[in-house]
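S.K.: Here is my input, please return the structure:
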Amino acid sequence: MFIWGSMRALDGEQTGSPHALVRFLEQCVEAGCTGVDLADIYNQGRSEILIGEAFARSRELADRLPLIAKAGVVFATPEAALPAHHYRNDAAHLRSALDGSLRRLGVEQVETFLVHRPDYLMRFDETARALEEMVQAGKVQKLGVSNFSVSQLNGLQGALAAPLGHHQLEFSVLETRALEDGRLDAAITAGHRVTAWSPLAGGRLFSQSDKAAARVREALGELAGESDPDGLAGAALAWIARHPAGPVPILGGTDIERIERQCAALKATVFTPESWYAVLEASRGQPVP
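M.R.: I've put the predicted structure just below:
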């Protein structure tokens, strides 16, 4: 039903220590969590350390929650002549980043490794060889990408002997470009697993000054029969899940009670084609053509 995102793990009272995180993740599993989303840049690697310490306390939990690791984003270095956040998909960086993640997590393998962002300087053959070596070395079971365009995905897939199996992208009731640019269509055709980051539009859904958000809340409220924020959030998640690509939302919350309420609303909200399009029209502020 959902993936738990670890980006803000250190910030929550229920998630900020290994002991608390074990209990939190156990409850997440009960609510429908099927994995943990990671990245080497989350809290400069400290989120991975925290997850590793929690899993070391509960082997059963580690067995039930597959890990999705990501690398390829590099923050600006202040001492550089021209500091800039940038992307690196070269073999040396990806190999080093994965090894660092495995070390911080205290594991020998993650289920899935995603290239976090497409590097405009990427050489598809070089990146593909590095990814294949990760699988051959037993460090990764499955490969995928995050935030790639269809052409970038096809370029990398064309250089890979094994199929990519996962695409993580931004998708929500207020971020619908993946419906039009072919990414969700490509995922269906290729049989990719799709995970949706920022499925509640980074909190924008509840902005009081955002007209599109207000229209969407009204539409969701009429369908769900409530105006409670968690109920509306769950309905927004159900809208995502209604797509044939089956996007799985990544929830980064650190309050298990809120996650449980959102998941309950997700399961309870049923979209007909008409009501699904009504929410899309509310998001766009105009009828579909």
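S.K.: Am I right that residue 182 is in contact with residue 150?
M.R.: Yes: counting by CB atoms under 8 Å, residue 182 touches residue 150, with 4.5 Å between them. Yep, even glycine has a C-beta here, placed from its N, CA and C like the rest.
S.K.: can you tell me how far residue 107 sits from residue 261?
M.R.: 32 Å (CB to CB, to the nearest Å).
S.K.: same deal with residue 188?
M.R.: Remark: distance between residue 188 and residue 261 (CB to CB) = 30 Å.
S.K.: just residue 205 next, same as before
M.R.: On the measure of CB to CB, residue 205 and residue 261 end up 15 Å apart.
S.K.: again, but for residue 52
M.R.: In terms of CB to CB, residue 52 sits 29 Å off from residue 261.
S.K.: cool, and residue 223?
M.R.: 17 Å.
S.K.: got the phi/psi numbers for the residue nearest to the spatial centre of the chain?
M.R.: The chain has residue 197 as the residue nearest its centroid, 3.9 Å off, counting by CA atoms, centre = their mean. Recorded main-chain torsions at residue 197 are phi -90, psi 160, according to degrees, to the nearest 10.
S.K.: which ones are touching it?
M.R.: 5, 37, 146, 168, 169, 170, 250 (CB atoms under 8 Å, 6 or more residues apart in numbering).
S.K.: List the contacts of the closest residue to the first one other than its chain neighbours.
M.R.: With CB to CB, 6 or more residues apart in numbering as the measure, residue 252 is the residue that lies nearest to residue 5, at 3.8 Å, once sequence neighbours are left out. Shown here is residue 252, whose contacts under the criterion CB under 8 Å, 6+ apart are 4, 5, 6, 7, 8.
S.K.: same check, this time on residue 223
M.R.: 235, 269, 271, 275, 278, 279.
S.K.: Now with 10 Å, please.
M.R.: 232, 235, 238, 239, 269, 270, 271, 272, 275, 276, 278, 279 (CB atoms under 10 Å, 6 or more residues apart in numbering).
S.K.: What strand or helix carries it?
M.R.: helix 211-224 (DSSP states H and E).
S.K.: Report the mean confidence score over that helix.
M.R.: For helix 211-224, mean pLDDT is 95.
S.K.: ok, then the element right after it?
M.R.: helix 229-241.
S.K.: what angle separates that next one from helix 211-224?
M.R.: 90 degrees (axes from the mean of the first three to the mean of the last three CA atoms, to 10 degrees).
S.K.: show me where the stretch 1-150 of the chain has strands.
M.R.: For the stretch 1-150 of the chain, the strands defined by DSSP state E, counting those that start in this stretch cover 2-5, 33-37, 67-71, 73-74, 86-87, 110-115, 140-146.
S.K.: So which of the ones you listed is nearest residue 18?
M.R.: Residue 18 lies closest to strand 33-37 among these, at 13.7 Å (CB to CB).
S.K.: what packs against that closest one?
M.R.: Secondary-structure packing of strand 33-37 (3 or more CB pairs under 10 Å, 6 or more residues apart in numbering; DSSP states H and E): strand 2-5, helix 18-31, helix 46-57, helix 59-64, strand 67-71, strand 110-115, strand 193-197, strand 248-251.
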